[in-house]
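Chemist: Have a look; sequence and predicted model below, questions after that.
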Amino acid sequence: MKNTRSMLLIYLLLIIVSLFMLMPLLAMVSTSLKYEGAVLATPFQWIPSPVNWDNYFGILHKYPIMSYLKNSLFVALIATTSNLFLSSLAGYSLAKFHYKGKNIVFAFIIILLLLPGQAIIVPLFMLMSSLSLIDSIVAIILPYMTSPFAIFLMRQYFLSIPDSIIEAARVDGASELQIYFRIILPQAKPVLAALGIFSFMFNWNNFLWPLIVLNSKTNFTIPLGIAMMEGEFSTPYAELMAAATLASLPVLLVYFILQNNFINGMVLTGFASKGGDDHQKTH
Amino acid sequence: MSSTKFHKKQNAAGALFLAPAVLILLVFLAYPVIMAFITSLTKSDLLTQPQWVGLSNFLSIFTSYDFLNSLKVTARFVILASIPLSVISLALAVVLRKPFRGSQFFKLIIFAPVVLSEAITAVVWKMLLNPYGIVNDYLMHWGFIETYIKWLIDPRYALGGIILFVLWKEMGYFMIIFLTGLQSISDDYYEAATIDGASSWHQFFYITLPLLKPTTLFASIIMLINILNTFTPFYVMTGGGPFNSTKVLSMLIFDTGFKFMLMGKAAAMSVIILLIVAVLSIILFRMGRQDNV
């Protein structure tokens, strides 16, 4: 009977942790439906009465939320597409070709891998300012068009693809670019999907860099827009929570549909830490 | 393989494939690193011509109260956040290692905060930690506290409030990293240990922990870089205050560079972060390698 008891204990622990994880999200949704005056009433009202839907209409009216969302979508889509393309191309090159200086470039990429983002934010800003790209969405995309981590990840993956497939395609007269698009990329679908999710979410949620570079409200991305809603009046929590809910629900919806695929994308350790040889395990 | 003309042409194409990515890394990552070092030796405000000042930025940093305070706050934050973060996420991973009824559901719930925006959820937590917010409401209701804690307003509790947020936000991420490591440990070890009558605690300390070492190393490097890089919750929830009690290095760099436009000084601080991360990473790698080789 020891087993049932320890199982019960495990369930109890997991339920407590889950409540801790869910509480802020439920409070967010519930507050978004309250009148401003009822937000900080104690005890906390989980089910608002009366329900107030006006916050949602109010924020759409008062803030350019739609252009925040549009900007975020634009940044995330362009940066992700570019990252998938450039990093897989570079990873393929590092895994399957032989040329002078390749090992030096690979070592250089490994060093950049451990670079803390903080360290370059000041000079990167100075660079963007000398390119007159301050307050432009282009400046938000440019530094994230590829990443050392993505290149490393793709290289590890491509190492496990047998050379014979490539050689066979060459014998058939395919050009190198055709081989990449028609043979290599289809092989890499699972990593590309995971890296795509990772890259999209990173750019969608990125905060510090847009905060530094963007000045005009119409250029804001959604996290920046919501964080900035704060300073303007005396913290309109109900409206803020409506905006937070509006921005979070679609993400949570996609997450609960894709489940483990989404988790693999966000963490990516399943691909990176195992190296190329046993990548089969991950799909 | 003989390097015929045919192979040379292929490899030239291969090198070309590498070029665009490397060009971007050079311009937007490597060049800024070098510029960080150079700028740290200048006085620069973006408006006037930068002036060469040698090591004086470093000298003034190391004698300034702000920077030394910031180092102290950062160290406190790294230690106080990473210990509970690693212990709780490892415990959750151990519990969820074997699938059971509902385990996937719990995994999804615990991981959910990871997919959300740090800035947006920090705004939510700012509301929860309001003196009249839900956290105090429940702590009081359950009898843990007798008067409201002024979480983000009282210098004694502000860092604690932010650590609470970081735990909530990142627990799921490290749980998954540990889970990946745990799932690579063969069940045979545990079965053999169970037959020999080893308790769950013995199994954890003599099988799980030693075999989990590579994962732990990987997790601690990522955790270290993540936590040292943490900026958003500080900016959103406390702005570095009250009384500089949450002014971590990333906040100080932001203020120095982008509020006061002291680019040289901010760059010098970045260089110091860079060196701290480099030294700590090397130490962690060494520690991880010792027993494996």
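Modeler: That came in fine, so what should we check first? Residues are numbered from 1 along each chain as shown, chains lettered A, B, ... in the order given.
Chemist: Residue B:48: neighbour count?
Modeler: 8 (other Cβ atoms under 10 Å in any protein chain shown). In this view, the C-beta of every residue, glycine as well, is placed from N, C-alpha and C.
Chemist: What's the biggest helix in chain B, counting residues?
Modeler: helix B:65-96 (DSSP state H).
Chemist: Now the element after it, going C-ward?
Modeler: Using DSSP states H and E, the helix or strand that directly follows helix B:65-96 along the chain is helix B:103-115.
Chemist: Kindly provide the whole-number mean pLDDT of the helix or strand following that following helix.
Modeler: Elements were assigned by DSSP H and E; along the chain past helix B:103-115, the next helix or strand is helix B:118-128. What helix B:118-128 shows for mean pLDDT is 95.
Chemist: tell me the angle helix B:118-128 makes with helix B:103-115.
Modeler: 100 degrees (axes from the mean of the first three to the mean of the last three Cα atoms, to 10 degrees).
Chemist: Need the residues that contact the following helix or strand past helix B:118-128.
Modeler: Going down the chain from helix B:118-128, the next helix or strand is helix B:134-141, by DSSP H and E. Contacts to helix B:134-141, defined as Cβ atoms under 8 Å, 6 or more residues apart in numbering or on different chains, come from residues A:23, A:27, A:42-44, B:127-130, B:145-146, B:148-149, B:151, B:164.
Chemist: For residue B:122, see how far away residue A:59 is.
Modeler: As judged by Cβ to Cβ, to the nearest Å, residue A:59 and residue B:122 stand 18 Å apart.
Chemist: Correction: the previous question concerned residue B:254.
Modeler: 15 Å.
Chemist: same thing with residue B:161?
Modeler: Taking Cβ to Cβ, one finds residue B:161 at 11 Å from residue B:122.
Chemist: do the same with residue B:175
Modeler: Counting by Cβ to Cβ, the gap from residue B:175 to residue B:122 is 21 Å.
Chemist: before we move on, what about residue B:35?
Modeler: In terms of Cβ to Cβ, residue B:35 sits 30 Å off from residue B:122.
Chemist: Residue B:232 too?
Modeler: Counting by Cβ to Cβ, the gap from residue B:232 to residue B:122 is 6 Å.
Chemist: Show me what counts as buried in the one helix or strand residue A:15 maps to.
Modeler: Element membership for residue A:15 (DSSP H and E) is helix A:2-32. Neighbour-count burial for helix A:2-32, counted by 16 or more other Cβ atoms under 10 Å in any protein chain shown, picks out A:10, A:14, A:17-18, A:21, A:23-25, A:27-32.
Chemist: Now the element after it, going C-ward?
Modeler: helix A:54-62.
Chemist: Which other helices and strands does that next one contact?
Modeler: helix A:237-258 (3 or more Cβ pairs under 8 Å, 6 or more residues apart in numbering or on different chains; DSSP states H and E).
Chemist: what's the angle between the helix it packs on and helix A:2-32?
Modeler: Going by the same axes, to 10 degrees, helix A:237-258 makes 140 degrees with helix A:2-32.
Chemist: Next one: the closest residue to chain B within the stretch 1-150 of chain A, what pLDDT does it get?
Modeler: Chain B sits closest to residue A:97 of the stretch 1-150 of chain A, with a gap of 2.7 Å, by Cβ to the nearest Cβ. According to the prediction, residue A:97 has pLDDT 91.
Chemist: For burial, what's the neighbour tally of the closest residue to it other than its chain neighbours?
Modeler: Using Cβ to Cβ, 6 or more residues apart in numbering or on different chains and skipping the chain neighbours, the partner closest in space to residue A:97 is residue B:14 (2.7 Å). Residue B:14: 21 surrounding residues under other Cβ under 10 Å.
Chemist: If you count contacts, what does the helix or strand harbouring residue B:14 end up packed against?
Modeler: Taking DSSP H and E as the definition, one finds residue B:14 inside helix B:5-25. Using 3+ Cβ pairs under 8 Å, 6+ apart, the elements in contact with helix B:5-25 are helix A:65-96, helix A:102-113, helix A:176-179.
Chemist: Point out the most buried one among those.
Modeler: Among these, helix A:65-96 has the highest mean neighbour count (mean count of other Cβ atoms under 10 Å in any protein chain shown), at a mean of 21.
Chemist: That helix vs helix B:5-25, what angle?
Modeler: 150 degrees.
Chemist: Quick check: which helices or strands does helix A:65-96 pack against?
Modeler: helix A:102-113, helix A:137-141, helix A:148-159, helix A:189-205, helix A:222-232, helix A:237-258, helix B:5-25.
Chemist: for those, which one sits closest to residue B:221?
Modeler: helix A:102-113 (10.2 Å; Cβ to Cβ).
Chemist: The closest one: what's the following helix or strand?
Modeler: Using DSSP H and E, the first helix or strand after helix A:102-113 is helix A:121-130.
Chemist: Next, count neighbours for residue B:105.
Modeler: 11.
Chemist: same thing with residue B:168?
Modeler: Neighbour tally, residue B:168, other Cβ under 10 Å: 19.
Chemist: re the thing from before, might one say that the residue of the stretch 1-150 of chain A closest to chain B is in contact with residue B:16?
Modeler: No - look at residue A:97 against residue B:16 with Cβ atoms under 8 Å: they stay out of range, at 9.6 Å.
Chemist: Looking at those two, which one has more neighbours?
Modeler: residue A:97 (20 against 15).
Chemist: can you pull the contacts of that one?
Modeler: Contacts of residue A:97 by Cβ under 8 Å, 6+ apart are B:10-11, B:13-15, B:17.
Chemist: Could you export those as JSON lines, including pLDDT?
Modeler: Below are those laid out as JSON lines (pLDDT from 0 to 100):
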{"residue": "B:10", "pLDDT": "81"}
{"residue": "B:11", "pLDDT": "84"}
{"residue": "B:13", "pLDDT": "87"}
{"residue": "B:14", "pLDDT": "87"}
{"residue": "B:15", "pLDDT": "89"}
{"residue": "B:17", "pLDDT": "94"}
